[in-house]
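Chemist: coordinates only, no sequence provided:
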Ligand SMILES: Cc1cc2nc3c(=O)[nH]c(=O)nc-3n(C[C@H](O)[C@H](O)[C@H](O)COP(=O)(O)OP(=O)(O)OC[C@H]3O[C@@H](n4cnc5c(N)ncnc54)[C@H](O)[C@@H]3O)c2cc1C
């Protein structure tokens, strides 16, 4: 055992990744988690583990780091229904794995529990319901602090076969997108709000109404889930003797909110840095920051467009697929900036991001939650109102909500 113990704040994906690598290398690792279990921040939500920001399949990369992707359930997808703002549905498709759906939460098959088991097997001690000062930890992995955007979803029983749809629609998901994921008889319909709204529940109800009218779901609601994302670029990732990993380090995708890959990768990079294999600050700047910067510029461009722009993106994506014979190439291109998007970075920074000093002394350039626009106010459809009433009944009879938002 190495002499000095390592304390990690947060037993989510980033903290546990670091814990696994360090414990395997003989460190006495203590992970302090404020909640009662890993994954308790989420509650059975499906999330997509993307496979387009790296040159390797992410599961192969995990194996090279000594992380076992078979320690949790995942379902690989090579095709998705892309729903254009005018309701046209097309299908980006690839030969390999475009993304994998994993479940977040405290059930045994969830990714969080897989990482927890790996950490314990490697020898780490996890202290749940534990409060520890950040100043007493070497790795800060405590997830998002502020909100730049939120996502709300409903989990339900369904007869629909396994499936993923991704919808670009500025009305149902202001500034962002909604999605439907079905895995083994359980469905999730989620809408992401990249503009702050007062009655956010109506966006979810209307989104559910939309999916119900386009897919044979036979939906029986179970619970509602959701959470926030914090999109920021700090000046430093290693500060005052501490490594900031995952969303606590602002390592999150500004464009779609796909933060799990960054969380795991940054946890590994911090551990490797402690092991003397590379310098965390420069590795993050080399491997992750360029992706995050381009995702911010993409987000800046997306913020400027409404449904007409979303339609153009969807059309371009399908044209690109016809030309190259692979729908994933578009997503790779999105994260590989040419000169035009690289030149836009100073404009993105100036127009979309704001400087803020954090309590720990770090300066960050973050994306504030944008205000709602006039077009975000509209009359709910009759079906959305019925869905809202249906949810009230389910909630009264015990349907859980995994985030503190009374109106969803
Ligand atoms: C609704 C929703 C949908 C999402 N969908 C996707 C998706 O499809 N694909 C994707 O890649 N990403 C998605 N994300 C983002 C992804 O969940 C995060 O980027 C990722 O979990 C970040 O990992 P992390 O380790 O930084 O934080 P987490 O996994 O959240 O872990 C942080 C941990 O720290 C704990 N903690 C917090 N404060 C303290 C404290 N003071 N002391 C001790 N412990 C503390 C928390 O309880 C938590 O367990 C989604 C996020 C949300 C909210």
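Modeler: Alright, I've got the coordinates. Everything quoted here is computed from the prediction, not taken from an experiment.

Chemist: against the ligand, how distant is the closest residue in space to residue 203 that isn't next to it in sequence?
Modeler: Computed as CB to CB, 6 or more residues apart in numbering, the closest residue to residue 203 that is not its neighbour in sequence is residue 191, at 5.0 Å. Yep, even glycine has a C-beta here, placed from its N, CA and C like the rest. From residue 191 over to the ligand the distance is 10 Å, taken as CB to the nearest ligand atom, to the nearest Å.

Chemist: what do you get for residue 93?
Modeler: 19 Å.

Chemist: for that residue, phi and psi?
Modeler: Backbone geometry at residue 93, expressed as degrees, to the nearest 10, gives phi -140, psi 150.

Chemist: and the next element down the chain from the helix or strand where the residue nearest to residue 203 lies?
Modeler: Per DSSP states H and E: residue 191 is located in strand 186-193. Once the chain leaves strand 186-193, the next helix or strand it forms, by DSSP H and E, is helix 201-214.

Chemist: what ranges do the strands span in the stretch 251-400 of the chain?
Modeler: For the stretch 251-400 of the chain, the strands defined by DSSP state E, counting those that start in this stretch cover 354-357, 363-366.

Chemist: relative to helix 201-214, how tilted is the strand holding residue 191?
Modeler: Taking axes from the mean of the first three to the mean of the last three CA atoms, to 10 degrees, one finds strand 186-193 and helix 201-214 inclined to each other by 130 degrees.

Chemist: ok, and what's touching strand 186-193?
Modeler: Contacts with strand 186-193, where a contact means CB atoms under 8 Å, 6 or more residues apart in numbering, come from 44-46, 149-158, 160, 172-182, 200, 203-204, 207-208, 211, 217, 219, 222, 225-226, 257.

Chemist: about what we covered before: and the residue nearest to residue 203, how many neighbours?
Modeler: Other residues within reach of residue 191 by the criterion other CB atoms under 10 Å amount to 27.

Chemist: one more: residue 148?
Modeler: Residue 148 has 23 nearby residues by other CB under 10 Å.

Chemist: what does residue 125 give?
Modeler: 14.

Chemist: and if you look at residue 7?
Modeler: 18.

Chemist: with residue 57 instead?
Modeler: Residue 57 has 15 neighbouring residues, counting by other CB under 10 Å.

Chemist: secondary structure element for residue 223?
Modeler: Assessed by DSSP H and E, residue 223 sits inside strand 220-229.

Chemist: check which element follows that strand along the chain.
Modeler: Counting by DSSP H and E, the next helix or strand C-terminal to strand 220-229 is strand 232-234.

Chemist: elements contacting the helix or strand following that next one?
Modeler: Next along the chain after strand 232-234, taking DSSP H and E as the criterion, comes strand 238-239. Here strand 238-239 touches no other helix or strand, going by 3 or more CB pairs under 8 Å, 6 or more residues apart in numbering; DSSP states H and E.

Chemist: mind running it again at 10 Å?
Modeler: Packing partners of strand 238-239 (3 or more CB pairs under 10 Å, 6 or more residues apart in numbering; DSSP states H and E): helix 280-287.

Chemist: now the helix it packs on: mean pLDDT?
Modeler: For helix 280-287, mean pLDDT is 97.

Chemist: buried ones in that helix, by neighbour count?
Modeler: Going by neighbour count (16 or more other CB atoms under 10 Å), the buried part of helix 280-287 is 280-281, 283-284, 287.

Chemist: looking at those, which is nearest the ligand?
Modeler: Nearest to the ligand among the buried residues of helix 280-287, counting by CB to the nearest ligand atom, is residue 284 at 13.3 Å.

Chemist: who's in contact with the nearest residue to residue 270 once chain neighbours are set aside?
Modeler: Nearest non-adjacent residue to residue 270, counting by CB to CB, 6+ apart: residue 243, 3.9 Å away. Shown in contact with residue 243 (CB atoms under 10 Å, 6 or more residues apart in numbering): 6, 8, 14, 18, 137-141, 237, 249, 266-267, 269-271, 273-274, 280-281, 284.

Chemist: contacting the ligand as well, which ones from these?
Modeler: 14, 141 (CB under 6 Å from any ligand atom).

Chemist: sorry, back to before: out of the strands of the stretch 251-400 of the chain, which gets nearest to residue 393?
Modeler: Of all the strands of the stretch 251-400 of the chain, it is strand 363-366 that lies closest to residue 393, at 39.2 Å by CB to CB.

Chemist: show me the shaky parts of the stretch 101-250 of the chain.
Modeler: Counting by pLDDT under 70, the stretch 101-250 of the chain shows no low-confidence range.

Chemist: how about the residues of it that lie near the ligand?
Modeler: Residues of the stretch 101-250 of the chain lying near the ligand (CB under 6 Å from any ligand atom): 141-143, 151, 226-229, 246-248.

Chemist: one more time with 8 Å, if that's ok
Modeler: Proximity of the stretch 101-250 of the chain to the ligand is confined to 104, 112, 130-132, 134, 141-144, 150-153, 179, 190, 192, 225-229, 245-249 under the rule CB under 8 Å from any ligand atom.

Chemist: residue in the stretch 101-250 of the chain nearest to the ligand?
Modeler: residue 246 (2.2 Å).

Chemist: can you count the residues close to that residue?
Modeler: Neighbour count for residue 246, taken as other CB under 10 Å: 31.

Chemist: distance check, it against residue 277.
Modeler: 19 Å (CB to CB, to the nearest Å).

Chemist: quick one: which of the residues of the stretch 101-250 of the chain next to the ligand sit in strands?
Modeler: Under the assignment DSSP state E, these contribute 104, 150-153, 179, 190, 192, 225-229 to strands.

Chemist: kindly reformat those as JSON lines containing distance to residue 349.
Modeler: JSON lines is the format used below for those (distance: CB to CB, whole Å):
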{"residue": "104", "distance to residue 349": "31"}
{"residue": "150", "distance to residue 349": "23"}
{"residue": "151", "distance to residue 349": "25"}
{"residue": "152", "distance to residue 349": "29"}
{"residue": "153", "distance to residue 349": "31"}
{"residue": "179", "distance to residue 349": "29"}
{"residue": "190", "distance to residue 349": "29"}
{"residue": "192", "distance to residue 349": "23"}
{"residue": "225", "distance to residue 349": "33"}
{"residue": "226", "distance to residue 349": "29"}
{"residue": "227", "distance to residue 349": "26"}
{"residue": "228", "distance to residue 349": "22"}
{"residue": "229", "distance to residue 349": "19"}
